[in-house]
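> below: sequence and its predicted model.
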Amino acid sequence: DTAVSQTPKYLVTQMGNDKSIKCEQNLGHDTMYWYKQDSKKFLKIMFSYNNKELIINETVPNRFSPKSPDKAHLNLHINSLELGDSAVYFCASSQPEVKGGEYFGPGTRLTVL
Amino acid sequence: EDQVTQSPEALRLQEGESSSLNCSYTVSGLRGLFWYRQDPGKGPEFLFTLYSAGEEKEKERLKATLTKKESFLHITAPKPEDSATYLCAVRHTGNQFYFGTGTSLTVIP
């Protein structure tokens, strides 16, 4: 059973395009996150949603907009893609009041040409 | 400023050669220190959570320990299948996770 799933796995696109990445979790967690992992494997948090409300926005350009239709889904929409947006994007979820870490999706490798 | 530093960046071990990975942190209001394993092309996989100094957790050949300033991930008699990147993260009172840059472990048969 997949806990956190993301689509697509790979995304190759041209500069200036708009794209979306979808994420779903079936763990019943209240909090979901988006992370960007750069070429040096550094994971940096972008957004956090708790019960559909944005609670973190870590100085991410406003070209990135998270959308949460319900607490099991957190999608990431990116406008006007730039070369520097190329990275692996991970969705994750957690239940803050429960002792434990985050559960990560398999990642989406975004390549902007 | 909240910070998480891992060392070494990369570690090569012979099969059976025990060693330790380090995670140093400075964070206000620590709500947990987390260890993850990440295999190439996959998302991080949660291993352990530690909450207070002196706490220890074990899983197979891995043992995580915590002090007030750092955590160690001890690997006893590693096998090639333990090869991966090991990530450390801290969560503070703002419920944010801050990750270190990871240690890439290679275990040679």
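Perfect, I can see it now.

> which non-adjacent residue is nearest residue A:10?
Distances taken as CB to CB, 6 or more residues apart in numbering or on different chains place residue A:109 nearest to residue A:10, at 5.1 Å, with adjacent residues excluded. C-beta here means a position set from N, CA and C on the backbone, and glycine is covered the same way.

> need the contact partners of the host helix or strand of residue B:33.
Assigned by DSSP states H and E, residue B:33 falls within strand B:30-38. Taking contacts as CB atoms under 8 Å, 6 or more residues apart in numbering or on different chains, the residues outside strand B:30-38 that touch it are A:41, A:99, A:101-102, A:104, B:23, B:25, B:44-51, B:62, B:64, B:66, B:71, B:73, B:84-93, B:95, B:97, B:102.

> over to stretch A:65-73?
Contacts to stretch A:65-73, defined as CB under 8 Å, 6+ apart, come from residues A:22-26, A:29-30, A:32, A:34, A:46-47, A:49, A:51-52, A:54, A:74-79.

> how far off centre is the host helix or strand of the residue nearest to residue A:10?
Using DSSP H and E, residue A:109 sits within strand A:108-112. Offset of strand A:108-112 from its chain centre (CA atoms, centre = their mean, to the nearest Å): 12 Å.

> settle this for me: residue B:84 is touching residue B:39, isn't it.
Yes. Between residue B:84 and residue B:39 there is a contact at 5.1 Å, judged by CB atoms under 8 Å.

> who's more crowded, those two?
For residue B:84 and residue B:39, the more surrounded residue by other CB atoms under 10 Å in any protein chain shown is residue B:84, and the numbers stand at 20 against 12.
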